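# coords please:
(chains A and B)
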Amino acid sequence: MCGINGIAALSVQTKVSEQDVRSMLPPLYHRGPDGGGVYLDPGQRVGLGHTRLSIIDLAGGAQPMHNEDKTVWVTFNGEIFNYVELRKTLLKEGHRFHTHSDTEVIVHAYEQYGDDFAQHLNGQFAIALWDDSRQRLLLVRDRVGILPLFYTSQGDRLLFASEIKALLPQLSEAPRISPTALDQIFTFWAARSPNTLFEDIFEVSPGHMLVLENGRLRESIYWDWHFPEQGDYHQGSDSDLAEQLYAILADATSIRLRADVPVGAYLSGGLDSSALVALIRRHSNAPLRTFSIGFEEQSLDESVFQKQMIEHLGVENNRIFCQNRDIAENFPATIFHAETAILRTAPTPMRELSGLVRASGYKVVLTGEGADEVLGGYDLFKEAKIRQFWARHPQSEWRPLLLKALYPYLETSGAQAKTYLHNYYSIGLDKPDQPGFSHLTRWFTTSQCKIFFSQELNARLSENAVDRLTEQLPAAFNHWHSFNRAQYLEAKTLMGDYLLCSQGDRMLMANSVEGRFPFLDHRVIEFANRMNPRLKMRALNEKYLFKRAMKDQLPRQILERHKQPYRAPDIPGFFSAHPPAYVDDLLSEEKLKRYGYFDAQKVGFLLKKARRGNSIAYKDNMALVGVLSTQLCHYFFIEQFSQTARETGASYPSLTSQ
Amino acid sequence: MNMKKIIRQYIMENLLFTEDESVLQDSDSFLDGGIIDSTGVMEIILFIEETFGIKINDSEMLPANLDSVDKLADFIQRKQAQAVAA
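Now for the predicted structure:
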């Protein structure tokens, strides 16, 4: 993987300077430590930059790269996994290749297929492509949002880059944090694409393409999650379909093992990563190194299951052990890389883990990311199914008790507990067909963290985040099965806007490690989307068909394990020991008031409670992490703007300088 | 400080995160107002057990005992009286 950046003129008079393009490279060195390059077109209409992490064609893959007559140029971050096949096809069509790198197929695919070229790519990518003869720039992002691509306009120029920090050297003043984005983060856990935390800085949305031509930007969608109308599902027996699913997953895994460097895998001990490791083992002869996280906090630790799989498959394993205090120590770096406010600390150990991968001499890891979204694994999907079932007979006493099968810790014995269960989980029960039904409980709980918003921030909020989201859903959404609707919302909010970026790419790339995600191969998604929902969740047995497809490869304990969501310590990560100075500093009344996003008195009470170790509620934990990460973002990207803009790679302004 | 005031102050500082007295009347239902959720009630119970030296049994976890500052105070006084009588 790599970092890409560039500048394009938005008006006829504007000329792009090579020096300006070069000024954006240093903040991306951590993404591409193996080299860098810049291309400036003869008319100075566009400049493309690139920092390189060498994985395929180590000798010949330098970028930006061009076609036969140097009229098409590309800077590219990612992998095209079907480049071998695509290259053959393009050679037959008469294209001549100068290298063996996957980047070059992009240039020729564009020549061959025009703007439809992205549909021929199987991979993960952020691409900027300049067509000199037609004087047009294309910005394209992969289908699900694995690799980032941000843009903003500055005067008469369009700036774009893999990370927001690379835009900063070309901004005349610090960006501003967007109230709308904070409102979305404190509802959905992330700003909704194309929004970012910052006003006027956007991302190219997953599956989208931006074309800049004659000074105008045009956006189009080349791919989206699409589900059949109800009833139009795959036909065939369960065992036939399980075989078909297995074959696609095996191929999706195999093509992701193509690399000129050794490949590792993350092993959490859950079903998805275990299945992935089993698939790699079966479809590759290369020695396999796995990487895992253990937690000091017993309730979060999955070491027992990790060991089971390590023994079962006979793979090597390296691990980090995450102690509570590691969270506080590493959280500022997490936020500097994530470039957004977040409500959970879970990304922090992921950056430590990619550090271990790098230190072990690996540049590429495969992970089980996406399996829950694609194949139907989340507890939230079960919860929605139970709530749907309950909504058919809202007076029922026992229907809501099914929730106990899902959340065994739910107290259902006393009348008080029962009343609370009813009150909380019955949200939206009168309208089970409303678009966001599956996610209302999560959004409602998360939104309660907004009580910490300051009056000034509240005054600047004008729209309801959930209403706005439902207005923007695709027209076909309401024709889909409720299970598929829940999957769509999950894929488009939490996965695309949070898991793949804040917890994925940014934590991997902080240590120059590339992640690959076989479950997010679009062929897997398209096949799974046409599976009857009952094959994703049979009664309350999640990922039914997937388990069936994998049953000969995995030990029963793993197949039948109760699902454990990956989490890291939130408040205990900061307050089980004495917190580092920056925590008290950024959460001080003075800083809270000066930055202006949160009510200093309310946060003061929350802080007192956290210090006493009394914050057990999810929402307290989310609120504290959300407030602290917002404060860190303000500090890094606004207060210390000038210094951050001058930093290179993974270094950031000191938190003790103030 | 009287019992209601102690309870109210705890709830305001730890669950509502405010000093603004107007947000919670002693008679307000926690459930109806949506002010306090089930984890919030757990926190209140822990606080009450520690502060007033009583133990709340599962069978007593009823809205009639726990659902407002008034009800909580009545309940605690009854429990304390029982303890003395015993």
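# Just the CA trace of stretch A:336-347, in PDB.
Written as PDB, here are the backbone C-alpha positions of stretch A:336-347 (Å, rounded to 0.1, in the frame of the first residue of the first chain):
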ATOM      1  CA  PHE A 336      -3.700  11.500  15.100                       C
ATOM      2  CA  HIS A 337      -3.900   8.600  12.600                       C
ATOM      3  CA  ALA A 338      -7.600   8.200  12.600                       C
ATOM      4  CA  GLU A 339      -8.100  12.000  12.100                       C
ATOM      5  CA  THR A 340     -11.600  11.800  13.700                       C
ATOM      6  CA  ALA A 341     -13.400  11.600  17.000                       C
ATOM      7  CA  ILE A 342     -14.300   8.100  18.000                       C
ATOM      8  CA  LEU A 343     -16.400   6.600  20.800                       C
ATOM      9  CA  ARG A 344     -14.400   3.500  21.500                       C
ATOM     10  CA  THR A 345     -10.800   2.800  22.100                       C
ATOM     11  CA  ALA A 346     -10.900  -0.500  20.200                       C
ATOM     12  CA  PRO A 347      -8.700   0.900  17.300                       C
END
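# what's the distance between the closest residue to A:Ala476 other than its chain neighbours and A:Asn423?
Spatial nearest neighbour of A:Ala476, excluding adjacent residues (Cβ to Cβ, 6 or more residues apart in numbering or on different chains): A:His226 at 7.2 Å. (Each C-beta comes from the backbone N, C-alpha and C, glycine too.) Distance of A:His226 to A:Asn423, computed by Cβ to Cβ, to the nearest Å: 36 Å.
# Phi and psi next, for the residue nearest to A:Ala476.
The phi/psi pair for A:His226 (degrees, to the nearest 10) reads phi -140, psi 140.
# now A:Ser284
phi -150, psi 150.
# contacting residues for it?
A:254, A:257 (Cβ atoms under 8 Å, 6 or more residues apart in numbering or on different chains).
# What does the pLDDT read for it?
Listed pLDDT for A:Ser284 reads 83.
# swap in A:Glu397?
For A:Glu397, pLDDT reads 83.
# Would you mind giving the secondary structure of it?
When classified by DSSP: H, G, I helix; E, B strand; the rest coil, A:Glu397 comes out as coil.
# Spatially central residue in the chain, please.
Defaulting to chain A. The residue lying closest to the centre of chain A (Cα atoms, centre = their mean) is A:Leu500, at 1.5 Å.
# meant chain B, my bad for not saying
Closest-to-mean residue, chain B, Cα atoms, centre = their mean: B:Leu72 / 4.3 Å.
# returning to that earlier point: quick check, the residue nearest to the centre of chain A in contact with A:Asp142.
No: with contacts counted by Cβ atoms under 8 Å, A:Leu500 stays clear of A:Asp142, the gap being 9.6 Å.
# got the residues of chain B near chain A?
Neighbours of chain A within chain B, by Cβ under 8 Å from any Cβ of the partner chain: B:13-14, B:16-19, B:31, B:34, B:37-43, B:46, B:58-59, B:61-63, B:65-67.
# tell me which helix or strand of chain B sits lowest on mean pLDDT?
helix B:30-33 (a mean of 78; mean pLDDT, DSSP states H and E).
# Just the CA trace of it, in PDB.
Provided in PDB are the C-alpha atoms of helix B:30-33 (Å, rounded to 0.1, in the frame of the first residue of the first chain):
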ATOM      1  CA  PHE B  30     -37.400   7.700  35.900                       C
ATOM      2  CA  LEU B  31     -39.000   5.300  33.500                       C
ATOM      3  CA  ASP B  32     -41.600   7.700  32.000                       C
ATOM      4  CA  GLY B  33     -39.100  10.600  31.700                       C
END
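# What is the neighbour count of A:Glu456?
12 (other Cβ atoms under 10 Å in any protein chain shown).
# can you list the weak-confidence ranges in the chain?
Answering for chain A, as no chain was given. A:1, A:54-61, A:409, A:411-415, A:657-658 (pLDDT under 70).
# my question was about chain B
In chain B (pLDDT under 70), the answer is B:1, B:86.
# all helices of it, in order?
Using DSSP state H, the helices of chain B run over residues B:3-14, B:30-33, B:38-52, B:63-66, B:69-85.
# In CSV, list those helices along with distance to A:Val211.
Formatted as CSV, those follow (distance: least, Cβ to Cβ, whole Å):
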stretch, distance to A:Val211
helix B:3-14, 54
helix B:30-33, 52
helix B:38-52, 50
helix B:63-66, 60
helix B:69-85, 62
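# can you tell me which residues contact the residue nearest to the centre of chain B?
Contact analysis of B:Leu72 by Cβ under 8 Å, 6+ apart lists B:7, B:44, B:48, B:65-66.
# If we use 6 Å, what do you get?
If a contact means Cβ atoms under 6 Å, 6 or more residues apart in numbering or on different chains, then B:Leu72 has B:Ile7 as its contacts.
# And for the one 10 residues further on?
Contacts were defined as Cβ under 6 Å, 6+ apart; by that measure B:Gln82 touches no other residue.
# Check A:Leu461 too.
A:179, A:183.
# about what we covered before: my guess is the residue nearest to the centre of chain A contacts A:Leu147. True?
No: between A:Leu500 and A:Leu147 there is no contact under Cβ atoms under 6 Å: 8.7 Å.
# How much space separates the nearest residue to A:His283 once chain neighbours are set aside from chain B?
Computed as Cβ to Cβ, 6+ apart, the closest residue to A:His283 that is not its neighbour in sequence is A:Ser254, at 4.9 Å. A:Ser254 sits 46 Å away from chain B, going by Cβ to the nearest Cβ, to the nearest Å.
# Put the alpha carbons of the host helix or strand of A:Ser254 into CSV.
Per DSSP states H and E: A:Ser254 is located in helix A:238-255. Extracted C-alpha coordinates of helix A:238-255, given in CSV (Å, rounded to 0.1, in the frame of the first residue of the first chain):
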residue,chain,number,x,y,z
ASP,A,238,-28.2,-25.8,1.4
SER,A,239,-25.3,-28.1,0.7
ASP,A,240,-24.9,-26.9,-2.9
LEU,A,241,-25.0,-23.3,-1.9
ALA,A,242,-22.5,-24.0,0.9
GLU,A,243,-20.1,-25.5,-1.6
GLN,A,244,-20.5,-22.5,-3.9
LEU,A,245,-19.9,-20.1,-1.1
TYR,A,246,-16.8,-22.1,-0.1
ALA,A,247,-15.4,-22.0,-3.6
ILE,A,248,-15.8,-18.2,-3.9
LEU,A,249,-14.2,-17.7,-0.5
ALA,A,250,-11.3,-20.0,-1.3
ASP,A,251,-10.6,-18.0,-4.5
ALA,A,252,-11.1,-14.7,-2.8
THR,A,253,-8.4,-15.8,-0.3
SER,A,254,-6.1,-17.3,-2.9
ILE,A,255,-5.9,-14.2,-5.0
